[in-house]
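In: Next one to model:
(2 chains)
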Amino acid sequence: MGRIETTLRKIFDIPRKHFEPGGRLEKLGPLFEAIEDVVFFPAEATRHRPLVRDSLDLKRFMSMVLVALIPPLLFGIYNTGYHTRLASGMSTDLISTTGTGLMIVLPVIIVSYAVGLFWELVFAAVRKHSISEGFLVTGLLFPLTLPPTIPLWQVAVGITFGVVIGKEVFGGTGRNIFNPALTARAFIFFAYPAQMSGDAVWVAIRQNTAGAADAVTGATPLALTTLQAPFNHIQEMLASKGYTLASLAIGNYPGTIGGTSAICAAIGALILIAAGIASYRIILGCIAGLLATGFLLNLLATPQTMPWFSVNPLYHLAAGGFAFGAAYMATDPVTAPGTDRAKWIYGFLIGALTVLIRVVNPAFPEGVMLAILFMNMFAPLLEYTEIRLRIKKRIPHV
Amino acid sequence: MFFSESPKAIEDMNPKQELPINRFKIAGQPEHRIEAAPAPKEVAAMPERIPLLKARLRVDTGDRVKIGTPLYEDKENTDIVFASPAGGQVVDIRYGPRRVIREIVIQTQKTEEHEDFGAHPGAELPRMTRARLVQILLNAGMWPLIRDIVYRSVADPAETPAMIWVAMDNLDPFHPPPDIYLNTPADLRRFKTGLQALEILCGHTYVCKSTKSADLDAEIENRVTHRIRGAYPAEDPGVVHFHNKTTASENRGWFIRGQDVVLLGEFLETGRYPTRRTVAVSGADIESRYVSTRIGAPLHTLISGVIEPDKYRWVTGGLFRGYSGSIKSYLGLYETALFLITESGRRELFGFMRPGTNKPTCSRTFLSIFNPKPLPVDADMHGAKRACVNCGNCTRVCPVDILPQFTYKCIRAGEIEEALSHGLLDCVECGLCAYVCPSKIELCHTFQQTRHAYFRERI
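Out: Numbering: from 1, shown residues only, chains lettered A, B, ... in the order given. Sure, this is the predicted structure:
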């Protein structure tokens, strides 16, 4: 260990002078610093009271989110590979499936990180601040919400929009109103609908087996809403397409790379709550809002209403990207309210809006994305209201 | 019965039940014994450590002083004087940036002389008027031991406080518990005399004791009005005051530390300025124990054994509220703790990815949450400064229900009125918000600076 440390130390010490103020690569200073900080944890001394500080820093904080993203990432790689090989008429053993999945998913993640990092660096260099770790999360969240067939240039355009318009124009991490990963996805969703929605985008076909491509049109469960189902029979209709409650929860159906599995998202949510990184209030609020609204719509369901009115609310919980959004996107602390009661309301309304968008307006099957962005906008208002109420309770000094 | 009204026992002082600061133990708890430190050859007064004080010197280098001779005074209220903690010659007056008086160093004589202020034993106190007592305390430089709850500065003698809090414990790691500084019958008697005097100053004098500290003599225990459960800073007089006040008229209060009550009693009984201090000395590499010494003692006299002095931060006054010094520093008037911590200065390889079984934290992101052993602390920031991500950790630990992340943003935006309405004046400067901040924002320092600026503008 000691020798590795000395070698690494040298690797950083030799080119350091070029990155310092006045050096040739001064503008790349934030990048150098960011990489060095990852390898060698900064050891700055305290100057003000309190003279001791907690061991938790933002790097650790954000890496816990990355740890929580491992289950949906791994499952997403496998699931993508599985459906690709299935549709292409190839064998679906674990190793080759994972290999195919990696071939499809890795380029998307690499492009997302590389292009995103480029913009982070540009703004860090111009604004003369360090690169914030929040990007590590954005750069991984965004690809997991994309269909596997997404062209890589669209990934680059999307993450550019997310980082620049979603975050940096507001002043960078901590000041953004909207979740950058969702802003990126929303941009792609509306700008390039042909590659983001419909039935054909969810499975990446490998052309090495002739004729296989026509065999599959993978309509996602939420897209089935446009189909006509007899009253109170939507569950049977879904089951006839292979979507039972269990398969929806497991998520082994074609869909976004990482967002299909409610169970993986639930594992991630548990990790985040156990580590104290994500607010359980938001997650439980989301679930409560979703189930309550789903149940309410059940009561309103008639043969004239849309078929999804009558679905068991649990289907809403398991289907689509709701679980992923509630666990990783809604809990983004920057864009969520910072006060406890506001978090419950924020979560509840995300759940409620998700169901409403899914059921009442089937043109946008991915309701959770729009619901979270919409509530992001209202987070400051919720926060403000709670702060006012709290101030009223205080005994004033003036 | 000592108090007119029935004492209210508070079982759970903190509405948040348990602050996460309880999650780990800090290594360096002093052993339960008192050792006498060698008599120091020089002693110093440190005007810089008195919050919000603008000091004016009353002595010059070369002057001879007795114990109790006024050394400096408050420019804004010249009735408030600060007494010399030693008898001898003023050998040096050291200044800091902007001519702030940092240290007034006095070389002690073999036999030190005392100023005589006249004894007022306990039996005489019932006949004493409040005005007379205030005058006696001001004259002798005893007044600064009584402090203001809101600004944590020296109390204003012209003011009538709603209540006086006697804080017997200080749980900021590590301070001497009551059973250490009240271990002789004479000290117990002096403590009672001190309480008697405080009763004259304000009828609502309350005595707070932590449930964590050992039981004392029954007579003292009967005088305890508030029993406080919970870790630092639940026992802080500002926190107790915040959770007990019911109207805006009760905003102003005073507080005094338990050890200072003993000094008050000693002063009244002897008529001499008392200088005794019991100090907790802790650190990973030194013998952690309690030491009896005197006010203004040089820090090196508190350490036994040989250490490398420059390796450490010599933190006096507790880890959270304390000041950073070196081996050349002295004990300030209010300081009863010395903690030696290191600045690691070592950039740990892949530091943020390690499981961290030994890393003290209030969060649940390191394996140290399963480690029941006391964990070593150091003077590292443990991370680089970042923007606030609104994680809310500061709000979770704030003992007086402020929303530090929003209050901080108000201050940064120049909205001082808004920050005040958030409760900035209730802030007890405990430092927990800045301690837990993952973005390493100097919340406590900012609040302190803003409170001080507000105090100055208000006058």
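In: Residue 46: neighbour count?
Out: Defaulting to chain A. A:T46 has 23 neighbouring residues, counting by other C-beta atoms under 10 Å in any protein chain shown. From N, CA and C alone the C-beta is placed, and that goes for glycine too.
In: think we crossed wires, I meant chain B
Out: B:M46 has 26 nearby residues by other C-beta under 10 Å.
In: got a list of what the closest residue to it other than its chain neighbours touches?
Out: Of all residues not flanking B:M46 in the chain, B:G332 sits nearest, at 4.6 Å (C-beta to C-beta, 6 or more residues apart in numbering or on different chains). Listed by C-beta atoms under 8 Å, 6 or more residues apart in numbering or on different chains, the contact partners of B:G332 are B:M46, B:R49, B:I50, B:G296, B:T316, B:G317, B:Y323.
In: so can I have JSON lines of those showing secondary structure, pLDDT and distance to B:L125?
Out: Shown next, in JSON lines, are the contacts of B:G332 (DSSP: H, G, I helix; E, B strand; the rest coil; pLDDT from 0 to 100; distance: C-beta to C-beta, whole Å):
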{"residue": "B:M46", "secondary structure": "coil", "pLDDT": "95", "distance to B:L125": "31"}
{"residue": "B:R49", "secondary structure": "helix", "pLDDT": "94", "distance to B:L125": "30"}
{"residue": "B:I50", "secondary structure": "coil", "pLDDT": "95", "distance to B:L125": "27"}
{"residue": "B:G296", "secondary structure": "coil", "pLDDT": "95", "distance to B:L125": "28"}
{"residue": "B:T316", "secondary structure": "strand", "pLDDT": "95", "distance to B:L125": "33"}
{"residue": "B:G317", "secondary structure": "coil", "pLDDT": "94", "distance to B:L125": "31"}
{"residue": "B:Y323", "secondary structure": "strand", "pLDDT": "93", "distance to B:L125": "35"}
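In: Is the residue nearest to B:M46 within a helix or a strand, and which one?
Out: Of the helices and strands defined by DSSP states H and E, none includes B:G332.
In: Then A:G242?
Out: Per DSSP H and E, there is no helix or strand for A:G242.
In: what are the phi and psi values for it?
Out: Dihedral angles of A:G242 (phi, psi; degrees, to the nearest 10) stand at phi 100, psi 10.
In: That one is in contact with A:Y253, isn't it?
Out: Yes. Contact criterion C-beta atoms under 8 Å: A:G242 and A:Y253 qualify, at 7.2 Å.
In: Between these two, tell me which one has more neighbours.
Out: A:Y253 (21 against 10).
In: is it true that the more buried one touches A:T244?
Out: No. A:Y253 is beyond contact range of A:T244, at 10.4 Å (criterion: C-beta under 8 Å).
In: mind listing what the closest residue in space to B:T247 that isn't next to it in sequence touches?
Out: Once flanking residues are discounted, B:T247 sits nearest to A:I395: 6.7 Å by C-beta to C-beta, 6+ apart. Neighbour list for A:I395: B:K245, B:T246, B:T247, B:A248, B:E250, B:N251 [criterion: C-beta under 8 Å, 6+ apart].
In: Next one: the fourth one from chain A, what distance?
Out: Read it as B:A248. 5 Å (C-beta to the nearest C-beta, to the nearest Å).
In: Backbone torsions only: list them for that residue.
Out: Torsion angles, degrees, to the nearest 10, at B:A248: phi -70, psi -20.
In: Over to the second one?
Out: B:T246 has phi and psi values of phi -120, psi -20 when expressed as degrees, to the nearest 10.
In: So what's the residue count around it?
Out: So B:T246, with other C-beta under 10 Å, has 8 neighbours.
In: Nearest residue to it in space, please, no chain neighbours.
Out: A:I395 (7.5 Å).
In: wait, isn't B:P157 in contact with B:T78?
Out: No. The pair B:P157 / B:T78 is not scored as a contact, 11.7 Å apart, by C-beta under 8 Å.
In: More neighbours: which of the two?
Out: More crowded of B:P157 and B:T78, by other C-beta under 10 Å: B:P157, with 16 against 10.
In: Could you check how far the nearest residue to B:I303 once chain neighbours are set aside is from chain A?
Out: Computed as C-beta to C-beta, 6+ apart, the closest residue to B:I303 that is not its neighbour in sequence is B:I286, at 5.8 Å. Shown here: B:I286 relative to chain A, a distance of 17 Å by C-beta to the nearest C-beta.
In: Wait, a helix at B:I286?
Out: No. Read with DSSP: H, G, I helix; E, B strand; the rest coil, B:I286 is coil and lies in no helix.
In: what residues are up against it?
Out: B:I286 touches B:I303, B:S304, B:G305, B:I307, B:L340, counting by C-beta under 8 Å, 6+ apart.
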